[in-house]
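Undergrad: coordinates for the following, if possible.
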Amino acid sequence: MIRKLISRVLGRNKNQKATPSQALIATASHGIRRNHISPGSRRVCEALQEHGHKAYIVGGAVRDLMIGQQPKDFDVATDATPEQIRRCFRRSRIIGRRFQIVHVYQGQEVVEVTTFRGDLGSNAKTDVHGRVLHDNVFGSQAEDATRRDFTVNALYFDPTTETIIDYHHGVADIKQRTLRVIGDPKKRYREDPVRMLRAVRLAAKLGLIIDPAAREPIRTMAGLLENVPAARLFDEMLKLLTSGHALNCLLQLREEGLHHGLLPLLDVIFEQPLGEKFVMLALENTDRRVRCGKPVSPAFLFATLLWHQVLAQREKHQSGGEHPIPALHLAMDEVLDSQAEKLAITRRIAGDIKEIWALQPRLEQRSGKRPYAVLENPRFRAGYDFLLLRAEAGEIDNELGAWWTEFQQADGERRATMLLPAEKPARKRRRRKPRHTTAGETAVAE
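TA: Here you go, the predicted structure:
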């Protein structure tokens, strides 16, 4: 009788899961103000609230602001369905298959708005490994918080009241610099194996320690990444490489055993002194650019990571008798084809990568009109930066990089004096054609 009364009071029966209790964190404890939020995301929250909906800044933006980093974007979570969101904003569109979201356009800003996700239950469509395939299940804010991957991402900031709603002690975990999975890590990794990559990326980016319970299964479950679509792996790797902490991320990927299958032969590259130095320099340079707010080229990044595989393949073709330039182009195609199975590198990015690689032998030619033609190439700057990186790594002579640095800055007259003498092609011995003879003459000659 008492149990029934308690159950009725709590509004819960034996088939319902316990709802996590929410904590309201005041501004004095978290330090985030509404003016820290982008104008577009503030207007989206206010408009949804004016239409009677709940709306919060959610996830990474709240986490980054608490840690003291500037978020790249501000996502909004709401109890409104995609169709209801769409009706609130004239400039918006619904996208996504696995889980529908709405892009709301506020001036130059695009705000991603998601509906609270509900408990998947036993009816969720999964593959044989447990990876969730369809996720258009809406629910309450508490259910949405439980569905999120890490406690530090399950934070909801209300720009109107400037309070944070915290269901899973995410604020405490941020203060303790701990990355903890919500729920059973093994189950959550099966639902979405990409979460293992996210754990590494967030730990490296934010300086967090992965909770032992979340870290322990990663090495044994890394094989689940083989079942993830190549396009999703590419997106996640791009986030990792442009996080501003790419070097630490890749080192931790190797430490956790997650590098296999993402970039084939990456472990071999790290074990080669020349290749490892080249990759490390490239990642350090990328991290500096990201932290300074400078743009980063995905093509340049992947060109550096895969370059020494190209060199190894080229060497094989040359040892088989192939000429250097055709050998290089064969190697480029083979390396990119081997990546296509694991990382869905877009055709445009793959084209840019090949142009950077193909420019390298052309940059070694410093006579005649060839240097002028290279300067006009639209990918010259990327090819030149790649050349400097090769020189810094000790792969080629520094003098070549210094020559191109001066040549591109010099005036026309100075450029003409810098050109090297054209190499004379080696003279080929002309084979003497046999003189036509009669049978009698042949007999005399013999």
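Undergrad: which non-adjacent residue is nearest Leu202?
TA: Among residues not flanking Leu202 along the chain, Leu179 sits closest, at 5.9 Å (C-beta to C-beta, 6 or more residues apart in numbering). Any C-beta I mention is one placed from the backbone N, CA and C, and that applies to glycine too.
Undergrad: low-confidence stretches in the stretch 301-446 of the chain?
TA: For the stretch 301-446 of the chain, applying pLDDT under 70 flags the ranges 423-446.
Undergrad: make it 80
TA: By pLDDT under 80, the low-scoring segments of the stretch 301-446 of the chain are 340-343, 422-446.
Undergrad: please name the residues that touch the residue nearest to Leu202.
TA: Counting by C-beta atoms under 8 Å, 6 or more residues apart in numbering, Leu179 makes contact with Phe150, Val152, Asp173, Ala199, Leu202, Ala203, Leu206, Leu208, Ile209, Ile210, Asp211, Ala214.
Undergrad: mind giving me the packing neighbours of the host helix or strand of Phe157?
TA: Using DSSP states H and E, Phe157 maps to strand 155-158. When contacts are defined as 3 or more C-beta pairs under 8 Å, 6 or more residues apart in numbering; DSSP states H and E, strand 155-158 packs onto strand 55-58, helix 60-67, strand 163-166.
Undergrad: any idea which of those is most buried?
TA: Ranked by mean neighbour count, the helices and strands packed on strand 155-158 are led by strand 55-58 with a mean of 27 (mean count of other C-beta atoms under 10 Å).
Undergrad: quick one, helices of the stretch 51-200 of the chain?
TA: 60-67, 82-88, 141-147, 170-175, 185-191, 194-206 (DSSP state H, counting those that start in this stretch).
Undergrad: ok, back up a step: save the helices and strands packed on strand 155-158 as a markdown table, and put in mean pLDDT and distance to Val102 too.
TA: Output for the helices and strands packed on strand 155-158, formatted as a markdown table (pLDDT from 0 to 100; distance: least, C-beta to C-beta, whole Å):
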| stretch | mean pLDDT | distance to Val102 |
| --- | --- | --- |
| strand 55-58 | 97 | 12 |
| helix 60-67 | 94 | 17 |
| strand 163-166 | 96 | 21 |
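Undergrad: quick one: which of those is nearest Ala23?
TA: strand 163-166 (4.7 Å; C-beta to C-beta).
Undergrad: distance from the chain centre to that closest one, please.
TA: How far strand 163-166 lies from its chain's middle: 30 Å, per C-alpha atoms, centre = their mean, to the nearest Å.
Undergrad: can you check stretch 204-222 too?
TA: Centre-to-centre, stretch 204-222 and its host chain are 18 Å apart (C-alpha atoms, centre = their mean).
Undergrad: could I get it in CSV with only the CA atoms?
TA: Once non-C-alpha atoms are left out, stretch 204-222 reads as follows in CSV (Å, rounded to 0.1, in the frame of the first residue of the first chain):
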residue,chain,number,x,y,z
ALA,A,204,43.1,16.5,-25.7
LYS,A,205,41.4,19.8,-26.6
LEU,A,206,40.1,20.6,-23.1
GLY,A,207,42.9,19.1,-21.0
LEU,A,208,40.6,16.6,-19.4
ILE,A,209,41.4,13.2,-18.0
ILE,A,210,39.2,10.4,-19.4
ASP,A,211,37.4,8.6,-16.6
PRO,A,212,38.9,5.1,-16.2
ALA,A,213,35.5,3.5,-16.7
ALA,A,214,35.2,5.3,-20.0
ARG,A,215,38.8,4.7,-21.1
GLU,A,216,39.1,1.0,-20.3
PRO,A,217,36.8,-0.4,-23.0
ILE,A,218,38.2,1.8,-25.8
ARG,A,219,41.2,-0.4,-26.8
THR,A,220,39.1,-3.6,-26.9
MET,A,221,36.1,-1.9,-28.8
ALA,A,222,38.2,0.0,-31.3
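Undergrad: which residues are contacting that stretch?
TA: 63-64, 67, 69, 152, 177-181, 185-186, 189-190, 193, 196, 199-200, 202-203, 243-245, 248-249, 252, 256-258, 260-261.
Undergrad: quick revisit: put the alpha carbons of the strand holding Phe157 into CSV.
TA: What follows is strand 155-158 as a C-alpha-only set of coordinates in CSV (Å, rounded to 0.1, in the frame of the first residue of the first chain):
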residue,chain,number,x,y,z
LEU,A,155,24.5,21.3,-19.8
TYR,A,156,21.7,23.6,-20.7
PHE,A,157,22.1,27.4,-20.5
ASP,A,158,19.1,29.6,-20.5
